[in-house]
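K.L.:
Let's see this in three dimensions:
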Amino acid sequence: MNKDDPPDLPGESDAQLDSAIKRAEAEVQRVQEWMAKERKGQRRPPSTQPDDDRGRAKQPSRNPDTPSSEPGRESLNLLNKILHAIKAGENTTRRQLLMAIIAVIVAILALIATVVIGIISNNRSAEKAERKFAQTQLIITSPPELSSVGLGQKVRGITPFLDRNHYLLVTMVRTGTARIQPASVGPDGSFSGEARFSDGGSDIKVGEDDEFTIRVMATLSKLEPGTLDKIPDDAILSEPVTVRRTKPSEVILINTPVNGAEVSVDAAISGKTSVPDLTHYIVVKSLRVGTRYVQDRPASISRNDGTFSGNARFGGVEVGVGEQYEIQIVATTSSLSAGPLMKDPPDAVVSNSVTVIRRK
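P.N.:
Purely as a prediction, here's the structure:
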């Protein structure tokens, strides 16, 4: 160094300062990546280390060139060292002053990032606690845990989320396949829907002697019945209820219309049956009134493939618009007259229930 040149910072070379600045910049980049992952929920903030017998936190060993575990600490240490050196020196070069300013900016950015990450972490913890509490209010009351079910089963429960759409989420434990069906919600906070315990295919015997879990899901999203690939981010799920499908496959399955469909005053009903020798009566119930009505004509049955078809009426031309109706097939050897049905015949085989909404 020439005698006319201003002195360097005490104990620091340009190369060492450059290295320190690069470490600070690397820490800011680490914080930015951390924040991005936090927003996506891919990781949690670093947890504190457990205390040792002396009450002091155990500190992991690390390379001095790696960023510190607490964002901003490395930058603050660097800033204090540079400022101390500037105060101790009689003169400083413009480059050294510029590096000091850069260090100040780096430290401020790192500290801001630390605060933001803390806020994100706290908000996420509060959100998880709130959602966990909400799960305790969304309850399946029927069927009970470890009960036996057939191919179709009515599921009932209570919910406080009247402004959300409700779906029954049924998962076959053996395969992990998850399927949903819509559930209707009453003004009193009750919900009900028809769950199907199969793989969704045409073979109704698939799923016999299998375990299934049932959950009810409340969400603002509108979902189509069938396989569920992804649970909505805002979904609130009840605790699961595990059941086993053990009942025989003598079943009747309504395929059209589907749960939650809108129908006009007259609508076609179709499905599949394993008991084609019985007479299949179409029964409709207004959920508002609560009385079940046998329709004028039984369903027609094809013995070749076990399909059936017929028609049902939902209210009148202007009566019943906007109301919910439940459809069932009652197959029996008994003769049923058109009109109110107070009780199923002793030998009745009853189909799944399908709930529809009457439109104009």
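K.L.:
quick one: low-confidence ranges for the chain?
P.N.:
Counting by pLDDT under 70, the chain has low-confidence residues at 1-104, 107, 110-111, 118, 121-134, 202, 247-250.
K.L.:
Could you chop this protein up by domain?
P.N.:
Per automatic domain parsing, the domain ranges recorded for the chain read 14-41+66-134, 136-249, 250-360.
K.L.:
Export those domains as TSV, with columns for mean neighbour count.
P.N.:
(C-beta placed from N, C-alpha, C; glycine too.) Below are those laid out as TSV (neighbours: other Cβ atoms under 10 Å):
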stretch	mean neighbour count
domain 14-41+66-134	15
domain 136-249	17
domain 250-360	16
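K.L.:
I'd say residue 145 and residue 241 touch.
P.N.:
Yes - contact criterion Cβ atoms under 8 Å: residue 145 and residue 241 qualify, at 5.4 Å.
K.L.:
hey, where'd the helices end up in this protein?
P.N.:
Here the chain has its helices, by DSSP state H, at 14-40, 73-88, 94-135.
K.L.:
Could you double-check that residue 258 sits in contact with residue 353?
P.N.:
No - taking contacts as Cβ under 8 Å, residue 258 lies outside contact range of residue 353: 12.0 Å.
K.L.:
Now for the nearest residue to residue 326 once chain neighbours are set aside: which residues touch it?
P.N.:
In space, and not counting its chain neighbours, residue 326 is closest to residue 285: 4.6 Å by Cβ to Cβ, 6 or more residues apart in numbering. Going by Cβ atoms under 8 Å, 6 or more residues apart in numbering, residue 285 touches 291, 292, 293, 325, 326, 328.
K.L.:
do the same with residue 171
P.N.:
Residue 171 touches 177, 178, 179, 212, 213, 215, counting by Cβ under 8 Å, 6+ apart.
K.L.:
If we use 7 Å, what do you get?
P.N.:
By Cβ atoms under 7 Å, 6 or more residues apart in numbering, the residues touching residue 171 are 177, 178, 212, 213.
K.L.:
which among those gets closest to residue 115?
P.N.:
Closest approach between the contacts of residue 171 and residue 115, by Cβ to Cβ: residue 178, at 39.8 Å.
K.L.:
Surely the closest one is in contact with residue 168?
P.N.:
No - using Cβ atoms under 7 Å, residue 178 is not in contact with residue 168, being 10.7 Å away.
K.L.:
sorry, back to before: can you name the residues bridging to the residue nearest to residue 326?
P.N.:
With DSSP bridges as the criterion, residue 285 is bridged to residue 292, residue 326.
K.L.:
Just to check, residue 168 is in contact with residue 153?
P.N.:
No - contact criterion Cβ under 7 Å: residue 168 and residue 153 do not qualify, at 9.6 Å.
K.L.:
Mind listing the shared neighbours of these two?
P.N.:
Overlap between the contact sets of residue 168 and residue 153, as judged by Cβ under 7 Å, 6+ apart, is given by residue 195.
K.L.:
so who does the nearest residue to residue 239 once chain neighbours are set aside touch?
P.N.:
Among residues not flanking residue 239 along the chain, residue 135 sits closest, at 6.3 Å (Cβ to Cβ, 6+ apart). When contacts are counted by Cβ under 7 Å, 6+ apart, residue 135 touches 236, 237, 238, 239.
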